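Novice: What would the 3D arrangement of this be:
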Amino acid sequence: MTSARVRFRNRGSAVALAVAAVLAFGTLLAAPAQALALDDRPTHATDVIVGDMLTADVDLTAWDNNPDLTYVWVRIPADWSDGVPIEGATEKTYKVTTADIGSYVRVGVSDNTHTSWSNATDQIWLDRTNAQAGPVTIAGNAAIGETLTVDEGTWADGTVFTYQWVVSVDGTWTAIPGATSDSFVVTDDLLGQRISLAVTGTFPGSVRTFYSTNGTSAVTLPLLTAGTVTISGSPVVGSVLTATAGNDWPEGATLAYSWGYSAGQSGGEIDGATGATYTITDSMAGMQIASLVTATREGFQPAFASAFTDTVTAAQAPAAAAPVATSSELAAFLTGAGVVTGTAASAGLPADGLDVTKSYTATVDWAAADGFVDVYAYSTPTLVGTFPVVNGKVQAVLSPAMLALLASGSHTLVFTGQSSGAVQAVAFSISKTLAATGVDPIVPLGSAALLLLLGAALVIARRRRTLA
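Specialist: Numbering: from 1, shown residues only. Coordinates of the predicted model:
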C-alpha cells in the first residue's frame, strides 16, 4: 500500500504547510505501520473561526483508491493536553462550532490498517475581530537605570495584554529574558543598544493581535541632574563677573566653568574664559554674557546649567567734542554719515514745538554696540548730555535749562555712539512765543500783559482825579 496524503482545506482560504510539531495521539488511534513523512500528513489549517468548514483533502491514490476510508476529528485543549475525538465528527468535512473556541482541531484518516494525522489548526476563535486599535508607544528615557513604560493606545474593552521587551543586537531583535511586564528598567548591559516591545492583545473570542513598537534610540548613560548657577557683578565693560554654582549639584560631580556671549541671533564661546570669573572687555559692549557650568561624573552623561547677564554697557567716558563746530556744517556731516534725520514725533517729541519751561525725553532705537551715547543740539552745538543704551534704546533728557540755551525755531538733535561712532539725528523745534530770551517783541501781547498795562492806566487816571 502506498502512503496516505491528507490535508485541510479551509473555507475560502489558502492552506499553508504547518511547521509546528505534530502531536502524538498513539493512545487515541492506531499508528501507521511505517513512519509517514510530513508531506504525507494533512496540512495545517490557519486562521480558523466558528462556522468555518474544514475538509480533509485526501489523495486517494496514496490509499489505493480505497473508497472506505474513515475519518476522526479531534479537539485539542488550549494547554495542548491529550486530544479528545469530537462526537459525531466522522465525515470528511467538519464545521467548527462554539465548543471549539480556544482549542485546536486535527483530523485523522484511516483504512483500518494505517492512520495518518494532520497537523493541528491554529487556536480557534469566535470571529476575526481585530482587538487592536493602538498605536503602542514606549514612554521614558532610554538611559541606564531609567524605567520605560508602555502606552498600549486604544484597544477594544476587555483586551488582555502580554508583553515581551526585546533588544536589537547587531540588527537582530532578541527577547530580553524575564522582561514580560508593562514596564522595564534599562540595565547596564544594554548600553548602545535599541529597545523595542512586542505586545500581544487577546480579545475574548477573537484572533490574537501582535503589535511591535518602533525601537528606542540607542541606550545612553544616565543624565546627571543639573544644578543652578548665578552671576554676580555689573554688566559694564571693565567689571569682573563671578559665576557661583549652587549647592544643588549631585554629590561627587566635578564642575567646570566657561563663558560665552549672546548677540541675539548669534553668539559663541569666549576664548580662554574657563574660570569662575571673567573681566568684561570692550568687545563685549552690547552683548549678554553667559556663564556655563558643566558637571561630570563617571557613569553619567554630563549636565549643564547657564545664567545670563543683562546687556553689557561700555564704561561712560567724558563727552566727545561736537561732531561739527557749526550748524552750517551739519547737513554735509549727516549726509556723509548716511543719516536720515527723523521727525520729532519719531522720537516721542511734540511736533508743534517744545515749551522751554518743560522737560522732554527724546527716545531713539540704538543697534550699535555702545554703552553710552553723546547727544548735541544744533543749530549752535549745545551738549544735551551723555546717556546709556538700555535694551537697545537711548533716552535723551531735554531739560528746561538746556532748552533755555537755544533760540526759538528749528533745531536738530545729533546722537553719537561713544564706542562705535554711529550717528542718528532727530529734528525738533522751540515755539517762538517761548523763546529762551523771554517774550518775543514780534509777537502780540498776551492777555496777562494786556491786563498789566490796563492796570497801570487806571492808576494814572486815579492820580489825575486826586490832583484835580
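
Novice: tell me the domain ranges of the chain?
Specialist: As given by automatic domain parsing, the domain ranges for the chain are 6-117, 137-212, 229-311, 327-434.

Novice: you'd agree Asp370 is in a strand?
Specialist: No - under DSSP: H, G, I helix; E, B strand; the rest coil, Asp370 sits outside any strand and is assigned coil.

Novice: For the closest residue in space to it that isn't next to it in sequence, give me its contacts.
Specialist: Counting by CB to CB, 6 or more residues apart in numbering, the nearest residue to Asp370 once its immediate chain neighbours are dropped is Gly417, at 3.7 Å. (Each C-beta comes from the backbone N, C-alpha and C, glycine too.) Residues near Gly417 by CB atoms under 8 Å, 6 or more residues apart in numbering: 366, 368, 370, 372-373, 423.

Novice: before we move on, what about Asp100?
Specialist: Applying CB under 8 Å, 6+ apart, the residues contacting Asp100 are 50, 75, 124.

Novice: Do you have the strands of the stretch 201-350 of the chain handy? List them.
Specialist: 209-212, 229-232, 240-245, 254-262, 267-269, 277-279, 288-296, 303-311 (DSSP state E, counting those that start in this stretch).

Novice: What of the stretch 351-468 of the chain?
Specialist: For the stretch 351-468 of the chain, the strands defined by DSSP E, counting those that start in this stretch cover 360-365, 372-378, 382-390, 393-398, 409-417, 423-430.

Novice: Lowest mean pLDDT across those, which one is that?
Specialist: Among the strands of the stretch 351-468 of the chain, strand 382-390 carries the lowest mean pLDDT, a mean of 91.

Novice: what packs against that one?
Specialist: strand 372-378, strand 393-398, helix 400-403 (3 or more CB pairs under 8 Å, 6 or more residues apart in numbering; DSSP states H and E).

Novice: How far away from the center of its chain is the longest one?
Specialist: Yep, that's strand 372-378 we're talking about. 46 Å (CA atoms, centre = their mean, to the nearest Å).

Novice: Stretch 256-263 now?
Specialist: In terms of CA atoms, centre = their mean, the centre of stretch 256-263 is set 24 Å apart from its chain centre.

Novice: For it, the averaged confidence score.
Specialist: 94.

Novice: likewise stretch 101-113?
Specialist: 89.

Novice: which stretches of the stretch 301-450 of the chain have low pLDDT?
Specialist: Counting by pLDDT under 70, the stretch 301-450 of the chain has low-confidence residues at 432-450.

Novice: ok so, going back, same list (the strands of the stretch 351-468 of the chain) but as CSV, adding distance to Pro250.
Specialist: Formatted as CSV, the strands of the stretch 351-468 of the chain follow (distance: least, CB to CB, whole Å):
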stretch, distance to Pro250
strand 360-365, 45
strand 372-378, 44
strand 382-390, 39
strand 393-398, 42
strand 409-417, 46
strand 423-430, 51
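
Novice: which one of the ones you listed lies closest to Asp189?
Specialist: strand 382-390 (57.2 Å; CB to CB).

Novice: what's next to the closest one, contact-wise?
Specialist: Contact with strand 382-390 is made by 286, 311, 313, 316-319, 322, 366, 370-377, 394-398, 402, 405-406, 413, 418, as judged by CB under 8 Å, 6+ apart.

Novice: quick one: that strand to chain centroid distance?
Specialist: How far strand 382-390 lies from its chain's middle: 44 Å, per CA atoms, centre = their mean.

Novice: partners of that strand in the sheet?
Specialist: strand 372-378 (antiparallel), strand 393-398 (antiparallel) (DSSP bridges).

Novice: coming back round to it: comparing the strands of the stretch 351-468 of the chain, which comes out most buried?
Specialist: Mean neighbour count (mean count of other CB atoms under 10 Å) peaks for strand 372-378 among the strands of the stretch 351-468 of the chain, with a mean of 24.

Novice: List the contacts of that one.
Specialist: Taking CB under 8 Å, 6+ apart as the rule, strand 372-378 contacts 313-314, 316-317, 319-320, 322-323, 327, 330, 362, 366, 382-389, 394, 396, 398, 402, 406, 411-419.

Novice: same thing with stretch 65-76?
Specialist: So stretch 65-76 is contacted by 23, 25, 28-29, 54, 56, 58, 60, 63, 82-86, 89-92, 94, 99-100, 103-112, 120 (CB under 8 Å, 6+ apart).

Novice: Quick check: buried residues in stretch 160-171?
Specialist: 161, 163-168 (16 or more other CB atoms under 10 Å).

Novice: Next: stretch 114-127.
Specialist: Using 16+ other CB under 10 Å as the test for burial, stretch 114-127 gives 114-126.

Novice: That's all I had, so thanks and see you.
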